[in-house]
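1. sequence first, predicted coordinates after that:
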Amino acid sequence: FNIVSTLVMAANEKRGDIAILKTMGADKWSLRAIFFVQGAFNGLVGCIFGALHGVYLAINLSRIFSTFEELLGRKLLS
């Protein structure tokens, strides 16, 4: 959903640029390809970023919880 909303916002912001490309002879398939590549790149970067953070959190979960427990002064998990 976020990737689609980002692409819609990018298309709305670049309407003038899209119009210039169309007047220079770009067809709608080449414009779609540009936005497809942008969406694929955003999705790929997001997946890699999310996977790295997920693995980091999974590996350090006990250390993170012990830090929160020390800060709060309460035992969160037994």
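-> Received, thanks. Residues are numbered from 1 along each chain as shown.

2. what's the pLDDT at the residue nearest in space to the middle of the chain?
-> Note on the chain: the residue nearest the mean C-alpha position is Gly46, at 4.0 Å, using CA atoms, centre = their mean. pLDDT, Gly46: 89.

3. just Gly39 next, same as before
-> pLDDT, Gly39: 81.

4. quick one: it and Phe49, what's the gap?
-> With the distance defined as CB to CB, to the nearest Å, Gly39 ends up 16 Å from Phe49. Using the backbone N, CA and C atoms, a C-beta is placed for each residue, glycine as well.

5. neighbour count for these two, which is higher?
-> Gly39 (15 against 10; other CB atoms under 10 Å).

6. shouldn't the more buried one be in contact with Ile3?
-> Yes: applying CB atoms under 8 Å as the test, Gly39 and Ile3 come out as touching, 5.4 Å apart.

7. how far out from the middle of the chain is stretch 12-31?
-> 24 Å (CA atoms, centre = their mean, to the nearest Å).

8. could you check how far the lowest-mean-pLDDT helix or strand in the chain is from the centre of its chain?
-> When the helices and strands of the chain are compared on mean pLDDT, DSSP states H and E, helix 2-13 comes out lowest with a mean of 80. Its chain's average C-alpha position is 12 Å from that of helix 2-13, according to CA atoms, centre = their mean.

9. and after that helix, which helix or strand comes next?
-> Sequence order places helix 15-23 as the next helix or strand after helix 2-13, per DSSP states H and E.
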